[in-house]
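Asker: Provided below for reference: sequence and predicted model.
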Amino acid sequence: NAGVMQNPRHLVRRRGQEARLRCSPMKGHSHVYWYRQLPEEGLKFMVYLQKENIIDESGMPKERFSAEFPKEGPSILRIQQVVRGDSAAYFCASSPSGMWEKLFFGSGTQLSVL
Amino acid sequence: ELKVEQNPLFLSMQEGKNYTIYCNYSTTSDRLYWYRQDPGKSLESLFVLLSNGAVKQEGRLMASLDTKARLSTLHITAAVHDLSATYFCGEGSQGNLIFGKGTKLSVKP
């Protein structure tokens, strides 16, 4: 059973470009969580999604950031018009339901904005 | 707003010594998690604590939960270099995990 798969592992963008980060949850998991980790800091919750629904987006910046988890395919975290401050590691986690015992994390996408 | 605070944030230990990492959280909760992160890597689940008084041990690490004190501890016994990593506690009562800032542990020979 493959774990949580994130791609790309590394993403380089110039200021003003768009970044798309993908997350395929573990098989059988329909709940996805996105976190951001700045250098030397902890993980900050961004958004929690279920298939076709955003459950909690309280940690998402109001502008430029969006997330989706369609019925088919991976969850996508989209950052428009990236700025240098968006440079961070973005981690995705999944669970089989909203009542979970443990979250399983992917290997992360390191976004670098030039 | 839920807060999770860990201390210390940095810990340098000698091999063979014992130490404890503390995790305080600001809401009533009986869902506390400990994760390990190696540099450049993802988070590995260490312990899941789901009730007051829960104690779990794995090798040289032992985690406990006191929901009345809103405190979890991660105790390290006879540290070895392989334990060098960053350890995060997370509170899970709100449907997602809220993490502390992490404790960066360095075990020196």
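Answerer: Great, that's in hand.

Asker: OK, contacts around the residue nearest the centre of chain A?
Answerer: Averaging the C-alpha coordinates of chain A gives a centre point, and the residue nearest to it by CA atoms, centre = their mean is residue A:34 (3.7 Å). By CB atoms under 8 Å, 6 or more residues apart in numbering or on different chains, the contact set of residue A:34 is A:23, A:45, A:46, A:47, A:48, A:49, A:67, A:75, A:77, A:90, A:91, A:92. Every C-beta, even on glycine, is put in place using the N, C-alpha and C of the backbone.

Asker: same check, this time on residue B:81
Answerer: With contacts defined as CB under 8 Å, 6+ apart, the neighbours of residue B:81 are B:15, B:107, B:108, B:109.

Asker: Let's see the PyMOL selection covering just the buried ones among the residues you listed.
Answerer: Here is the PyMOL selection string for the buried members of these, based on 16 or more other CB atoms under 10 Å in any protein chain shown:
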select buried, chain B and resi 107
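
Asker: pLDDT check: weakest of the contacts of residue B:81?
Answerer: When the contacts of residue B:81 are compared by pLDDT, residue B:109 scores lowest at 85.

Asker: any idea what sits nearest that one, other than its immediate chain neighbours?
Answerer: Nearest non-adjacent residue to residue B:109, counting by CB to CB, 6 or more residues apart in numbering or on different chains: residue B:15, 5.4 Å away.

Asker: Tell me the spacing between that neighbour and chain A.
Answerer: Distance, residue B:15 to chain A, by CB to the nearest CB, to the nearest Å: 24 Å.

Asker: Distance-wise, check that residue relative to residue B:73.
Answerer: Separation of residue B:15 from residue B:73 (CB to CB, to the nearest Å): 21 Å.

Asker: Can you give me the end-to-end span of stretch A:8-28?
Answerer: Terminal residues of stretch A:8-28 lie 22 Å apart, using CA to CA, to the nearest Å.

Asker: hang on, the earlier thing: next step: the contacts of residue A:34 restricted to strands.
Answerer: Using DSSP state E, the members of these that fall within strands are A:23, A:45, A:46, A:47, A:48, A:49, A:67, A:75, A:77, A:90, A:91, A:92.

Asker: before we move on, which element is residue 34 in?
Answerer: Since no chain was named, I'll use chain A. Residue A:34 belongs to strand A:31-37 when assigned by DSSP states H and E.

Asker: look at chain B instead
Answerer: With elements delineated by DSSP H and E, residue B:34 resides in strand B:32-37, which encompasses its position.

Asker: For that strand, C-alpha coordinates in CSV please.
Answerer: Once side chains and other backbone atoms are set aside, the C-alpha atoms of strand B:32-37 remain, and they are given as CSV (Å, rounded to 0.1, in the frame of the first residue of the first chain):
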residue,chain,number,x,y,z
LEU,B,32,-2.2,14.1,21.6
TYR,B,33,0.4,13.0,19.0
TRP,B,34,4.2,12.9,18.8
TYR,B,35,6.0,13.0,15.5
ARG,B,36,9.7,12.8,14.6
GLN,B,37,11.2,14.7,11.6
